[in-house]
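Student: can't give you the sequence, but here's the structure:
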């Protein structure tokens with residue numbers, strides 16, 4: 001009985017620790033930011049979305065598709081598109097883009113377009129949406145770091 005209770009408490013402790021690290025960044029503000037790392041994360045998410053789209057298209061063409069794998073790739077694509085939306089909103093829009101600074105509206109416009117194309121990546125397997133998203137990230141990167 002004690003061993004089971006100990007294992008449950010250890011499991012609960014690990015869950016709480018992992019829960020606290022699951023978010024992209026804090027809103028304290030802590031002053032610890034790595035903007036380039038976030039851009040790199042977004043680009044990595046896009047690469048994963050592209051791979052997911054290709055795998056989905058490939059599985060759909062099979063005579064007897066493995067629906068389990070198909071669903072897993074769809075969920076993977078959705079997850080990574082949502083991660084991009086979270087970074088764009090919770091990290092950049094909420095914490096990093098300051099009100100009334102140079103290029104404020106251009107930065108917000110690019111971030112909003114990134115949100116839309118992330119959504120389009122969820123809705124389709126059209127690689128053009130992922131390519132447009134990647135292009136928007138590059139535009140945002142150039143504009144954002146021009147002032148840094």
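Tutor: Okay, I see it. Just so it is clear, the structure is predicted and the values come from calculations on it, not from any experiment. Numbering: from 1, shown residues only.

Student: when you work out contacts or count neighbours from here on, use the C-alpha atoms and nothing else.
Tutor: OK.

Student: and for the one helix or strand residue 79 maps to, what are the contacting residues?
Tutor: Counting by DSSP states H and E, the element that carries residue 79 is helix 67-86. If you take Cα atoms under 8 Å, 6 or more residues apart in numbering as the criterion, helix 67-86 is touched by 24, 42, 45-46, 48-49, 52-53, 55-56, 59-60, 114-115, 118-119, 121-122.

Student: tell me the SS of residue 30?
Tutor: Under DSSP: H, G, I helix; E, B strand; the rest coil, residue 30 falls in the coil class.

Student: relative to residue 95, how far out is it?
Tutor: Relative to residue 95, residue 30 is positioned 11 Å away (Cα to Cα, to the nearest Å).

Student: the more surrounded of these two?
Tutor: residue 95 (17 against 8; other Cα atoms under 10 Å).

Student: enumerate the positions of stretch 68-83 that are buried.
Tutor: 70, 73-74, 76-83 (16 or more other Cα atoms under 10 Å).

Student: kindly report the same for stretch 96-110.
Tutor: Buried residues in stretch 96-110 (16+ other Cα under 10 Å): 97, 107-108, 110.

Student: how close does residue 58 get to residue 105?
Tutor: 40 Å.

Student: tell me the mean pLDDT over the helix or strand harbouring residue 39?
Tutor: Secondary structure assigned from DSSP H and E places residue 39 in helix 35-61. For helix 35-61, mean pLDDT is 97.
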